[in-house]
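J.: please find the sequence and the predicted model below.
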Amino acid sequence: MTHPFNRRHMLLAGAALAMAAATGSATAQSWPTAPVHIIVGFPAGSSPDTLARLVAEPLAARLGQPVVVENKAGAGGVIGVQQMLLAKDGHTFGATINGPLTTSPRLIKDIGYDVAADITGIALTATSPLVLAVSADNAASTLQDFIAAAKADPGAMTYGSVGQGSGAHLSMELFLDTAGLEMLHVPFTSYAEVTTSIMGAEIDAGFMAPSAAMGHVQAGKMKMLGITSAEPFPQVPDVPVIAGQDGMPADYRAELWNAFIAPAGTDPAVIERLNTEINAILADPTVQERMLAMGWKAEGGSAADLTDRIAADTAVWGRVLDRIAGKQ
């Protein structure tokens, strides 16, 4: 039999939990009480900016307050995260790519924030995989052919990217490490230069966005041998996933992504409200179609899912950065 003293404390604890739940619900319903600001660490017209605005417009209608997108570009998105953390007003959040949360803390000394301690995830907005692109004249017709050629002459084949630490550079180094290959990295200053060099067979390969390769493939100047997403990508459904092919692990994945984030300590009820509204927006077929036209797949999921993704990708890219450092 439950002792009266214990029973009394159980009832009090239950009442406290009920009150906390009610308070959280009230907070979520009464918030926001002022315009909501979304800070994007990239210029107007960039993919992160456009994706943020696609969500911001319907979000304003759902929240009953204006949602203002502010561009604070610089340092690969890091400036935007820093500016978000300075606000501390309960109405300022961020929209960012993966870099400032996963690789920039390793690459930038005194970055000014600790991701795990200072940032809370709201929702994953969209993902964009990369395709392994080669010249139409390349002897490889499949990923297996490409891997076999690279293994046959370690270090002889070349690949291009837009520079040290770029998404394409890190993604290729992850692919090479996972497949047990060695290739020479050739950095360029623009994707146009990388693309031209691939088509002209000046370099052997490169990772790029599907949308950047599609036109050249259709023109018969380029081939796509594989894609880095975990499943076929709707924009190029016929390109096979790299995961599971020719000894590649089934969980291999290398994607760029965008997400909404908040300062740590933001009311959990507010995070939940934003997550719910953003997920509803991302489920809208019109929003999905507009994102896909840009080369992005609308995602969503819980705030905890995003937190897990940040931690997992930080670990993966940390190993890649160690590999690169070991080559220097």
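T.: Sure thing, it's come through.

J.: which helix or strand in this protein has the lowest average pLDDT?
T.: None of the helices or strands of the chain scores lower by mean pLDDT, DSSP states H and E than helix 4-30, at a mean of 53.

J.: now do the following helix or strand past it: which elements does it pack against?
T.: Using DSSP states H and E, the helix or strand that follows helix 4-30 towards the C-terminus is strand 36-40. Packing contacts for strand 36-40, counted by 3 or more Cβ pairs under 8 Å, 6 or more residues apart in numbering; DSSP states H and E, involve helix 47-63, strand 67-71, helix 78-87, strand 92-97. Placement of C-beta: from N, CA and C, glycine included.

J.: how distant is stretch 154-171 from the center of its chain?
T.: Here stretch 154-171 shows a centroid-to-chain-centroid distance of 19 Å under the convention Cα atoms, centre = their mean, to the nearest Å.

J.: can you list the buried residues in that stretch?
T.: Neighbour-count burial for stretch 154-171 flags 157-162, 165-171 (criterion: 16 or more other Cβ atoms under 10 Å).

J.: could you do stretch 184-200 as well?
T.: By neighbour count with 16+ other Cβ under 10 Å, stretch 184-200 contains the buried residues 185-186, 188, 191, 193-199.

J.: for the spatially closest residue to A60 that is not a sequence neighbour, the count of nearby residues, please.
T.: Nearest in space to A60, with sequence neighbours left out and distances taken as Cβ to Cβ, 6 or more residues apart in numbering, is V67 at 4.1 Å. When neighbours are counted by other Cβ atoms under 10 Å, V67 registers 22.

J.: list the residues that contact V67.
T.: With Cβ atoms under 8 Å, 6 or more residues apart in numbering as the criterion, the residues that contact V67 are 35-38, 56-57, 59-60.

J.: assign G160 to helix, strand or coil.
T.: Judged by DSSP: H, G, I helix; E, B strand; the rest coil, the three-state class of G160 is strand.

J.: got the confidence number for it?
T.: At G160, the pLDDT value in this model is 97.

J.: any idea what it is bridged to?
T.: On the basis of DSSP bridges, G160 takes part in beta bridges with V186, G206.

J.: for it, what are its contacts?
T.: The neighbourhood of G160, defined by Cβ under 8 Å, 6+ apart, consists of 168, 185-188, 193-194, 197-198, 203, 205-206.

J.: would you point out which residue is most central in the protein?
T.: W257 (1.7 Å; Cα atoms, centre = their mean).

J.: pLDDT at it, what is it?
T.: According to the prediction, W257 has pLDDT 96.

J.: tell me the spacing between K88 and G41.
T.: Relative to G41, K88 is positioned 18 Å away (Cβ to Cβ, to the nearest Å).

J.: quick one on the thing from earlier: so which of the buried residues of stretch 184-200 is the closest to V241?
T.: The nearest member of those to V241, counting by Cβ to Cβ, is I198 at 20.8 Å.

J.: if I look at the closest residue to R62 other than its chain neighbours, how far off is A150?
T.: In space, R62 comes closest to E277 once its chain neighbours are excluded; the distance is 4.6 Å by Cβ to Cβ, 6+ apart. The gap separating E277 from A150 is 46 Å, by Cβ to Cβ.

J.: and S141, by the same measure?
T.: Applying Cβ to Cβ, the value for S141 to A150 is 15 Å.

J.: mind putting the buried residues of stretch 154-171 into JSON lines with distance to T127?
T.: As requested, those are arranged in JSON lines below (distance: Cβ to Cβ, whole Å):
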{"residue": "M157", "distance to T127": "28"}
{"residue": "T158", "distance to T127": "28"}
{"residue": "Y159", "distance to T127": "22"}
{"residue": "G160", "distance to T127": "23"}
{"residue": "S161", "distance to T127": "19"}
{"residue": "V162", "distance to T127": "20"}
{"residue": "G165", "distance to T127": "20"}
{"residue": "S166", "distance to T127": "17"}
{"residue": "G167", "distance to T127": "12"}
{"residue": "A168", "distance to T127": "16"}
{"residue": "H169", "distance to T127": "19"}
{"residue": "L170", "distance to T127": "15"}
{"residue": "S171", "distance to T127": "13"}
